[in-house]
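**Student:** build me a structure from this.
(one chain, ligands or ions: 1)
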Amino acid sequence: MTERVLIKDLAAHEDGIVRVSGWVEKVRDQRYVQFVVLRDESGAVQLVNGGVLREADPENPRSDILVPRTTTITELTQGTFITVEGELQHNERVKLGGVEIQIETIDVVTRSLPDNPVAGDSNIDVRLDWRFLDLRRPEQNLVFRIQTTFLHALRTLWVERGFIEIQTPKLMASASESRAELFEVEYFEGKAFLAQSPQFFKQMAQAAGFGGIFEVGPAFRADHSFTSRHATEFTSIDTELSWIDSHEDVMELHEELIVAGLSAVKEKHGEEIEKLFGINLTVPSRPFPRIPLAEAKEIVKERGYEVPRADADMDPEGERQIFAYVKEKYDHDFVFLTDYATSIRPFYHMRHADDPSLTNSYDLIYRGTEISTGAQREHRIEVLEEQIKDKGMDPAELGFYLDFFRYGVPSHGGFGMGLNRVLMLMLEQSSIREVTYLFRGPTRLMP
Ligand code: AMO
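**Tutor:** Below is the predicted model of the structure:
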């Protein structure tokens, strides 16, 4: 049997018999000729039956001039998976890729029901109900090829730097970030919690002497929130590294990773992104702008927007305003907001040596939305215990975590970054639902 050819490779393939497999996107059934648009994971191609002049029988010149139409094609429902063998022909007039295939045989592998529960313009909830059909759209297919390329580029950089990839448990005995967002699950006679972040275990790797580590894995947050950027389960990109002088070292690595990821995506998918999303992807220049949070709030205020509560984090409107400022002033899509107040940061963030009301920490904002939090961690056990008490928490409850610091640990820091948010902003999508393989929210657990 001829070997299957991916549709994207047909243009470079020589004319002759080929075999392609995929699903039927469209059938145009005309009087003398039938067309099928066949799509596979790599692209789409036009298949043709009929309309071809055959050697006419000299005795009967009107015979067999047309290849007969076939009911097999008439009966093909959209979505049906087929394998086709036929004659590949390069033809510049064919808009779809400049090639077409004259069908010789069709093997119907599995038929699709004739109704189409979802279309590209269906609302997002309907599309998520039928996510496997929604994912057949080329834009969606591209999202996950981009995700693959992006993560591959990050991994390549980490591996080049000698970082170790870890997989930390998602079942935990205690909270890893705030108690408010904790999912509790039954665990035999007791209970367990779903990890909100690999925070404690990535720090543990520092005490273990691993040096640089990274993890790409699920994180769970019981956020009863229906915004475009919140999910109850998301993919967190985490890294942690030893022997840093301050959060500045973490930001430098962060920038390098973002630039590596976006460069790879642009190089590999830039043209397709332009075609399918109408976006000319830009690779940011380094260094990214850095603005202390307090200063950012002042800048935003001067622009006419006051962030509610002086002691609070930037709110979404504040983030949009600071992005507008950075775009105007530096023509940059990213900005690090640094030196967050101790009052709005977790206990494990290191505080400034000369001003304990500020932390060695940052948020990374991409096109006006937070994608990441990073910090230098407090590694001195006595200070850490004080900071825990300071937050009204009981150090005894964090005993296992504090043990990491009792047997020696280097200075360290790291960041966590939401993969789905990065993709949403990169592709200018309205919600992380569009770029999450299977979204999880307060009212969505299926499929
Ligand atoms: P933080 O809680 O800021 O920090 O989370 C880091 C990043 O994770 C993403 N994120 C989310 N994405 C989708 N839905 C959610 N509900 C959600 N919550 C968070 C965001 C956010 O910026 N341990 C620290 C990181 C560190 O210091 O290393 C942490 O988890 O993109």
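
**Student:** correct me if wrong: Gly441 contacts Ser228.
**Tutor:** No - taking contacts as C-beta atoms under 8 Å, Gly441 lies outside contact range of Ser228: 10.7 Å. C-beta: built from backbone N, CA, C; applies to glycine.

**Student:** neighbour count for the two, which is higher?
**Tutor:** Set side by side, Gly441 and Ser228 show unequal neighbour counts under other C-beta atoms under 10 Å, the larger going to Gly441 at 19 against 14.

**Student:** who touches the more buried one in this structure?
**Tutor:** Taking C-beta atoms under 8 Å, 6 or more residues apart in numbering as the definition of contact, the neighbours of Gly441 are Phe226, His230, Ala231, Thr232, Arg433.

**Student:** coming back round to it: joint contacts of Gly441 and Ser228?
**Tutor:** Residues touching both Gly441 and Ser228 by C-beta under 8 Å, 6+ apart: Arg433.

**Student:** how much space separates the residue nearest to Arg221 when sequence neighbours are not counted from Met172?
**Tutor:** Nearest in space to Arg221, with sequence neighbours left out and distances taken as C-beta to C-beta, 6 or more residues apart in numbering, is Glu181 at 4.3 Å. Separation of Glu181 from Met172 (C-beta to C-beta, to the nearest Å) stands at 13 Å.

**Student:** swap in Arg421?
**Tutor:** Spatial separation of Arg421 from Met172 under the definition C-beta to C-beta is 23 Å.

**Student:** these two: which is more packed in?
**Tutor:** In terms of neighbours (other C-beta under 10 Å), Arg421 is the more surrounded of Arg421 and Met172; the figures are 23 against 19.

**Student:** need the pLDDT of the nearest residue in space to that one that is not next to it in sequence.
**Tutor:** The shortest distance from Arg421 to any non-neighbouring residue, by C-beta to C-beta, 6+ apart, is to Ile371 (4.7 Å). With respect to pLDDT, Ile371 has a value of 98.

**Student:** show me the contacts for Ile371.
**Tutor:** With contacts taken as C-beta under 8 Å, 6+ apart, Ile371 has the following neighbours: Leu364, Ile365, Met417, Gly418, Arg421, Val422, Leu425.

**Student:** any idea how far it is from the ligand?
**Tutor:** Relative to the ligand, Ile371 is positioned 5 Å away (C-beta to the nearest ligand atom, to the nearest Å).

**Student:** what number of residues lie near the closest residue to Gly211 other than its chain neighbours?
**Tutor:** What sits nearest to Gly211 in space, not counting adjacent residues and going by C-beta to C-beta, 6+ apart, is Ser242, at 4.9 Å. Neighbour count for Ser242, taken as other C-beta under 10 Å: 19.

**Student:** with Thr71 instead?
**Tutor:** Here the number of neighbours of Thr71 (other C-beta under 10 Å) works out to 10.

**Student:** and it, how far from Trp23?
**Tutor:** Plainly put, Thr71 is 19 Å away from Trp23 if you go by C-beta to C-beta.

**Student:** of the contacts of Gly441, buried ones?
**Tutor:** His230, Ala231, Thr232, Arg433 (16 or more other C-beta atoms under 10 Å).
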